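K.L.:
take this sequence and fold it.
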Amino acid sequence: MDTVSNMIIKLKNAGDARHESVSMPFSNLKRSIAEVLKKEGFITNFGEKSEKGKRILVIATSKVSGVKRISKPSKRIYKKATEIRPVKNGYGALILSTSRGVMTGREAKRAKLGGEALFNIW
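P.N.:
Prediction:
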(Lines give C-alpha, C1' and ligand atoms only; values in the text may rest on other atoms or scores of the structure.)
Protein backbone atom coordinates (compact mmCIF):
# COMPACT_ATOMS: atom_id res chain seq x y z
CA MET A 1 0.00 0.00 0.00
CA ASP A 2 1.10 3.55 -0.68
CA THR A 3 2.83 5.33 2.22
CA VAL A 4 0.52 8.37 2.35
CA SER A 5 -2.64 6.24 2.17
CA ASN A 6 -1.34 4.06 4.98
CA MET A 7 -0.50 7.13 7.08
CA ILE A 8 -3.89 8.83 6.80
CA ILE A 9 -5.83 5.60 7.41
CA LYS A 10 -3.73 4.90 10.52
CA LEU A 11 -4.44 8.44 11.80
CA LYS A 12 -8.18 8.08 11.28
CA ASN A 13 -8.34 4.61 12.84
CA ALA A 14 -6.26 5.69 15.85
CA GLY A 15 -8.54 8.69 16.35
CA ASP A 16 -11.67 6.51 16.11
CA ALA A 17 -10.22 4.04 18.62
CA ARG A 18 -9.17 6.94 20.91
CA HIS A 19 -5.50 5.93 20.91
CA GLU A 20 -3.10 8.57 22.24
CA SER A 21 -0.51 8.02 19.51
CA VAL A 22 0.22 6.05 16.38
CA SER A 23 3.60 4.88 15.01
CA MET A 24 4.64 4.34 11.42
CA PRO A 25 7.83 4.02 9.38
CA PHE A 26 9.54 7.38 8.86
CA SER A 27 9.76 9.25 5.56
CA ASN A 28 10.41 12.90 4.76
CA LEU A 29 7.03 13.19 3.02
CA LYS A 30 5.21 11.84 6.10
CA ARG A 31 7.11 14.30 8.33
CA SER A 32 6.12 17.19 6.04
CA ILE A 33 2.49 16.09 6.12
CA ALA A 34 2.64 15.81 9.93
CA GLU A 35 4.00 19.38 10.15
CA VAL A 36 1.08 20.69 8.10
CA LEU A 37 -1.48 18.67 10.10
CA LYS A 38 -0.04 20.00 13.36
CA LYS A 39 -0.16 23.58 12.10
CA GLU A 40 -3.81 23.08 11.06
CA GLY A 41 -4.71 21.51 14.44
CA PHE A 42 -5.60 18.00 13.23
CA ILE A 43 -2.84 16.42 15.36
CA THR A 44 -1.40 17.66 18.65
CA ASN A 45 2.26 16.71 18.19
CA PHE A 46 4.67 14.39 16.40
CA GLY A 47 8.22 13.16 16.83
CA GLU A 48 10.83 10.72 15.61
CA LYS A 49 12.42 7.79 17.40
CA SER A 50 14.62 4.86 16.48
CA GLU A 51 13.61 1.23 16.96
CA LYS A 52 15.99 -1.59 16.01
CA GLY A 53 17.99 0.77 13.80
CA LYS A 54 14.93 2.05 11.88
CA ARG A 55 13.45 5.53 12.14
CA ILE A 56 9.84 5.68 13.35
CA LEU A 57 7.44 8.62 13.14
CA VAL A 58 5.20 8.87 16.22
CA ILE A 59 2.11 11.07 15.93
CA ALA A 60 -0.05 12.12 18.88
CA THR A 61 -3.59 11.82 17.53
CA SER A 62 -6.42 14.23 18.07
CA LYS A 63 -9.45 15.22 16.04
CA VAL A 64 -9.45 13.48 12.68
CA SER A 65 -13.02 12.46 11.84
CA GLY A 66 -12.52 11.63 8.19
CA VAL A 67 -10.01 11.41 5.35
CA LYS A 68 -10.35 10.89 1.62
CA ARG A 69 -7.38 9.99 -0.57
CA ILE A 70 -7.46 11.89 -3.86
CA SER A 71 -4.27 11.17 -5.79
CA LYS A 72 -3.20 7.53 -5.91
CA PRO A 73 -0.09 5.89 -7.35
CA SER A 74 -2.23 4.49 -10.17
CA LYS A 75 -3.86 7.85 -10.94
CA ARG A 76 -2.23 11.13 -10.00
CA ILE A 77 -4.57 14.11 -9.61
CA TYR A 78 -3.17 17.62 -10.01
CA LYS A 79 -4.99 20.85 -9.19
CA LYS A 80 -4.32 24.37 -10.40
CA ALA A 81 -4.58 27.19 -7.88
CA THR A 82 -7.86 28.24 -9.47
CA GLU A 83 -9.33 24.73 -9.06
CA ILE A 84 -8.77 24.53 -5.27
CA ARG A 85 -12.05 24.59 -3.34
CA PRO A 86 -12.86 24.57 0.42
CA VAL A 87 -13.26 21.16 2.09
CA LYS A 88 -16.40 20.61 4.20
CA ASN A 89 -17.31 24.33 4.02
CA GLY A 90 -13.95 25.35 5.46
CA TYR A 91 -13.91 22.85 8.35
CA GLY A 92 -11.54 20.50 6.54
CA ALA A 93 -8.34 20.90 4.55
CA LEU A 94 -6.97 19.78 1.22
CA ILE A 95 -3.33 18.68 1.52
CA LEU A 96 -1.25 19.35 -1.59
CA SER A 97 2.30 18.53 -2.59
CA THR A 98 3.58 21.64 -4.41
CA SER A 99 6.89 22.81 -5.78
CA ARG A 100 7.40 24.64 -2.45
CA GLY A 101 6.63 21.61 -0.30
CA VAL A 102 3.53 20.14 1.33
CA MET A 103 0.85 22.69 2.21
CA THR A 104 -2.90 23.14 2.61
CA GLY A 105 -5.18 24.19 -0.19
CA ARG A 106 -5.68 27.62 1.43
CA GLU A 107 -1.92 28.28 1.55
CA ALA A 108 -1.46 27.08 -2.04
CA LYS A 109 -4.33 29.24 -3.30
CA ARG A 110 -2.90 32.27 -1.48
CA ALA A 111 0.55 31.60 -3.01
CA LYS A 112 -1.10 30.96 -6.43
CA LEU A 113 0.44 27.48 -6.56
CA GLY A 114 -0.98 24.23 -7.83
CA GLY A 115 0.23 20.72 -7.17
CA GLU A 116 -0.64 17.09 -6.57
CA ALA A 117 -3.77 16.80 -4.42
CA LEU A 118 -2.84 14.16 -1.84
CA PHE A 119 -5.95 13.96 0.38
CA ASN A 120 -8.81 15.78 2.09
CA ILE A 121 -9.00 15.69 5.89
CA TRP A 122 -11.74 16.87 8.24
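
K.L.:
so what's the residue count around residue 6?
P.N.:
13 (other CB atoms under 10 Å). Every C-beta, even on glycine, is put in place using the N, C-alpha and C of the backbone.

K.L.:
can you tell me the closest non-neighbouring residue to it?
P.N.:
Closest residue to residue 6 apart from its sequence neighbours, by CB to CB, 6 or more residues apart in numbering: residue 24 at 6.9 Å.

K.L.:
for the helix or strand containing that neighbour, which outside residues touch it?
P.N.:
For residue 24, the enclosing helix or strand under DSSP states H and E is strand 21-25. Contacts with strand 21-25, where a contact means CB atoms under 8 Å, 6 or more residues apart in numbering, come from 3, 6-7, 10-11, 13-14, 30, 54-61.

K.L.:
same thing but 10 Å
P.N.:
Outside strand 21-25, the residues within contact range by CB atoms under 10 Å, 6 or more residues apart in numbering are 3, 6-7, 10-15, 30, 34, 43-47, 49, 51, 54-61.

K.L.:
so which of the residues you listed are in helices?
P.N.:
Among those, the members found in helices (DSSP state H) are 3, 6, 7, 10, 11, 12, 13, 14, 15, 30, 34.

K.L.:
what count of nearby residues applies to the last one?
P.N.:
Close neighbours of residue 34, defined as other CB under 10 Å, add up to 24.

K.L.:
quick check: closest non-adjacent residue to it.
P.N.:
residue 46 (4.2 Å).

K.L.:
what's the spacing between the residue lying farthest from the centre of the chain and residue 25?
P.N.:
The centre of the chain is farthest from one residue, residue 52, which by CA atoms, centre = their mean lies 26.2 Å away. From residue 52 across to residue 25, the span is 12 Å (CB to CB, to the nearest Å).

K.L.:
residue 71 now?
P.N.:
Taken as CB to CB, the span from residue 71 to residue 25 is 20 Å.

K.L.:
over to residue 104?
P.N.:
Distance from residue 104 to residue 25, by CB to CB: 24 Å.

K.L.:
assign a three-state SS to the nearest residue to residue 36 once chain neighbours are set aside, would you?
P.N.:
Residue nearest to residue 36 in three dimensions, not counting chain neighbours: residue 102, with 5.4 Å by CB to CB, 6+ apart. Look at residue 102: counting by DSSP: H, G, I helix; E, B strand; the rest coil, its state is strand.
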